[in-house]
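fold the following and give me the result.
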Amino acid sequence: MRYLVTGKQAAEIDRHTIEEAGVPQLVLMERAALAVAEEVSAVVRDRIHDRILIAVEGGNNGGDGVAAARILQQRGYSVVVWTLNGIARQSEAYRKQIGLAEKAGVRFTDHVEDGDWRVVVDAIFGVGLTREVAGVQKEAVDRINEMRAEDPGMTVISVDIPSGISSETGEILGTAVRADRTVTFGYEKVGMRFAKNACGAVTIAEIGFFLPEGYEASAGLYSGYEPEDVRRLLPGRSMDGNKGSYGRVLVIAGSVDMSGAAYLAAEAAYRTGCGLVKVVTHESNRAALQQLLPEAILQCYTGYPGEQSGGSVDSLPLTEETLRWGDVIIIGPGIGQSETAFRLTEQVLRLAACPVIADADAINLLSEHTELLEETAGKRPLILTPHMLEMTRLAERSRHPEREALHRLRKNRTGITEQLAAKYQATIVLKDACTFVTEGNAAGLPGYLNTSGNDAMAKGGSGDVLTGVIGGLMAQGMRASEAARLGVYLHGRAGDRAREALGAYSVIAGDLLKYLF
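Numbering: from 1, shown residues only. From the prediction side, this is the model:
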């Protein structure tokens, strides 16, 4: 398992290491600078002729940059330090590093020089930035981005986090460096997960933070899985098992001539290891599903009695017997947003006794009827799997224009999602380039930030596969919080494998099914 930290948590880890463990700040800075120097060395081909520009400001992040310049200078590289001098107070560590670098013969300049730079190191702001970048720092950030655009052969390396990126949320604070590589220290920062384009390839350098045993778990740090976690977390299999041993998933999905979502969710549940899957869908999907997934049990309908006159929940084909069949119920993929679809969703939330996963159309319907979520909160384990736009509808309920609501969510996605999860006593899987999972701390678990997946998965149907994976894990006995986290990781890992085999452009949702295990 890996842990991720916010800027505030990173500052506390620094403080604990320096003040309580007694590790001198300059020792940590020297180790950080050495990691930056190694990253630069991996890019530079000619020590003498490949010029290196290191942009620094007067804080500790700038001190890392100055120390890296000294190390590179002493190794024979051609280095220039660009000092911005845009803040009133310089840190003591920064001033000490300036003195050491001057003694080593490092060249300093207060303006960027034209010329061919092989590497530009961004050591302007670190993880403590909370305000918008302005003044000379904004000019410097914009100039670095211009240089990168003008010279495709140039590499930009950021120190700890690209300047201008919020370490808490990933928000761009006015402007931000667009790095090709980022060297971060000890832990990846939460905001970096939400700002992948700005960070480029990330190296996590160990620099000697000294923490008591169990600190990460007790401090409530965000977590993410590593490949070695999968075997430990997967539900066990028994040599004496049968199809009844591994649970049943009831998939209520699809509408008239809309079989794809039902198929993807149902097969994903099977591929994840559950024993039986039943699909409740419209009769028009029967032939397609029988051909695509003959292993599934089908319960098809042609229409709902009383729909035109309003009818009642009791008139729907989801009988008590059907609802009792599943160990977990999936509702939403491809069901549409008709009155019938809402009544199906309402019936499941009010009457189901087993865990429920509400996805896609069910979430959009619930965003217009949040009272249903409030009335049924805590009735049974509930997982909601919105993407960012669906989440704005759930959270804002049309209080703000869609674009404004999305901006508000991006500025505080973890906080908003945690609040909503607590309110509805649900596990929320907020799907995005970095998917976030939380129960609002109700389960005593820190938020989960997914570490797998890629842009090749940005195709229709990928979310249906994820829903089926989570359902399959829950059917085998995993708790909602555990199944959501592991399901998200497995889904992303399948996307990574599919991209490696097929390329970023060619992967489609159905390919994820082939690479789950």
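
what residue lies at the spatial centre of the chain?
Closest residue to the average C-alpha location of the chain: C434 at 1.9 Å, with C-alpha atoms, centre = their mean.

SS state for it?
Classification of C434 by DSSP: H, G, I helix; E, B strand; the rest coil places it in coil.

what pLDDT does the model give P305?
At P305, the model reports a pLDDT of 46.

do the same with E402
Confidence score, pLDDT, at E402: 81.

identify the residues contacting it.
Going by C-beta atoms under 8 Å, 6 or more residues apart in numbering, E402 touches L389, T392. Where C-beta positions appear, they are placed from N, C-alpha and C, glycine not excepted.

I165 too?
Listed by C-beta under 8 Å, 6+ apart, the contact set of I165 reads L129, E171, I172, L173, A176, V177, G191, M192, A195, A198, C199.

got a list of what the third one touches?
Taking C-beta under 8 Å, 6+ apart, we find I172 in contact with G164, I165, S166, A195, A198.

ok, the residue nearest to the centre of the chain to M478 distance?
C434 is 22 Å from M478, where distance means C-beta to C-beta, to the nearest Å.

G326 contacts C354, correct?
Yes - between G326 and C354 there is a contact at 5.9 Å, judged by C-beta atoms under 8 Å.

ok, those two, which is more surrounded?
G326 (26 against 19; other C-beta atoms under 10 Å).

out of the contacts of I165, the closest to R393 would be?
E171 (20.9 Å; C-beta to C-beta).

check what pLDDT that closest one gets.
E171 is given a pLDDT of 95.

isn't it up against G191?
Yes - counting by C-beta under 8 Å, E171 does reach G191; the two are 7.4 Å apart.

more neighbours, the two?
Of the pair E171 and G191, G191 is the one with more neighbours under other C-beta under 10 Å, namely 25 against 20.

show the model's pLDDT score for that one.
We have a pLDDT of 97 for G191.

what is the subsequent helix or strand relative to whatever helix or strand it lives in?
Using DSSP states H and E, G191 sits within helix 190-193. Next in sequence after helix 190-193, counting helices and strands by DSSP H and E, comes helix 196-199.

what pairs with the following helix or strand past that following helix, parallel or antiparallel?
Downstream of helix 196-199, the first helix or strand assigned by DSSP H and E is strand 201-205. Paired strands of strand 201-205, with direction, are strand 181-185 (parallel) (DSSP bridges).

give me the residues contacting stretch 194-203.
Stretch 194-203 has contacts (C-beta under 8 Å, 6+ apart) with 35, 39, 156, 158, 161-162, 164-165, 169-172, 176-184, 188, 192, 410, 413, 432-434.

likewise for stretch 437-446?
With contacts defined as C-beta under 8 Å, 6+ apart, stretch 437-446 is touched by 217, 220-223, 414, 417-423, 425-430, 447-448, 450, 479-481, 484-485, 488.

recalculate using a threshold of 6 Å.
Stretch 437-446 is contacted from outside by 220-223, 417-418, 421-422, 427-429, 447-448, 481, 484-485, using C-beta atoms under 6 Å, 6 or more residues apart in numbering.

same check, this time on stretch 246-262
With C-beta under 6 Å, 6+ apart, stretch 246-262 has contacts from 265-266, 269, 273-282, 284-285, 288-289, 325-331, 333-336, 464, 471, 475-476.

is R31 within a helix or a strand, and which one?
Secondary-structure element containing R31, defined by DSSP H and E: helix 25-43.

elements contacting that helix?
Taking 3 or more C-beta pairs under 6 Å, 6 or more residues apart in numbering; DSSP states H and E as contact, the helices and strands that helix 25-43 lies on are helix 60-74, strand 155-159, strand 181-185.

now for the longest one, which elements pack on it?
It stands for helix 60-74. Helix 60-74 is packed against helix 25-43, strand 51-56, strand 78-83, helix 92-103, strand 119-123, strand 155-159, with contacts defined by 3+ C-beta pairs under 6 Å, 6+ apart.

all strands of the stretch 351-500 of the chain, in order?
Under the criterion DSSP state E, counting those that start in this stretch, strands of the stretch 351-500 of the chain are mapped to 356-359, 382-385, 427-430, 436-438, 448-449.

tell me which of the ones you listed lies nearest to S91.
Nearest to S91, of all the strands of the stretch 351-500 of the chain, is strand 448-449, at 29.7 Å by C-beta to C-beta.

can you list the helices and strands packed on helix 60-74 in TSV and add mean neighbour count, distance to V256 and mean pLDDT?
Shown next, in TSV, are the helices and strands packed on helix 60-74 (neighbours: other C-beta atoms under 10 Å; distance: least, C-beta to C-beta, whole Å; pLDDT from 0 to 100):
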stretch	mean neighbour count	distance to V256	mean pLDDT
helix 25-43	20	56	97
strand 51-56	26	59	97
strand 78-83	22	63	97
helix 92-103	18	66	97
strand 119-123	28	54	98
strand 155-159	27	51	98
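
now those in CSV, please, with extra columns for distance to L366.
Shown next, in CSV, are the helices and strands packed on helix 60-74 (distance: least, C-beta to C-beta, whole Å):
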stretch, distance to L366
helix 25-43, 46
strand 51-56, 48
strand 78-83, 53
helix 92-103, 52
strand 119-123, 43
strand 155-159, 40
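
how about residues contacting stretch 60-73?
Applying C-beta under 6 Å, 6+ apart, the contact partners of stretch 60-73 are 29, 32-33, 36-37, 54, 56, 79, 81, 91, 93-94, 97-98, 100-101, 104, 106, 121, 123, 126, 159-160.

low-confidence regions, this protein specifically.
Confidence mapping of the chain against pLDDT under 70 gives the ranges 303-317, 397-400, 442-444.

what's the single longest helix in it?
When the chain is parsed with DSSP state H, its longest helix is helix 480-502.

counting contacts, what elements does that helix pack onto?
Using 3+ C-beta pairs under 6 Å, 6+ apart: helix 480-502 touches strand 427-430, helix 462-475, helix 509-514.

out of those, which is the most enclosed?
For the helices and strands packed on helix 480-502, the largest average neighbour count (mean count of other C-beta atoms under 10 Å) is found in helix 462-475, namely a mean of 30.

how much space between I18 and E283?
I18 is 69 Å from E283, where distance means C-beta to C-beta.

between the two, point out the one with more neighbours.
Counted by other C-beta under 10 Å, I18 and E283 do not tie: I18 has more neighbours, with 17 against 12.

was I right about Q425 contacting K379?
No - taking C-beta atoms under 6 Å as the definition, Q425 is not a contact partner of K379, at 8.6 Å.

in terms of neighbours, single out the busier of those two.
Ranked by neighbour count (other C-beta under 10 Å), Q425 and K379 place Q425 first, with 18 against 14.

let me know the secondary structure of G220.
With three-state DSSP as the basis, the three-state label of G220 is coil.
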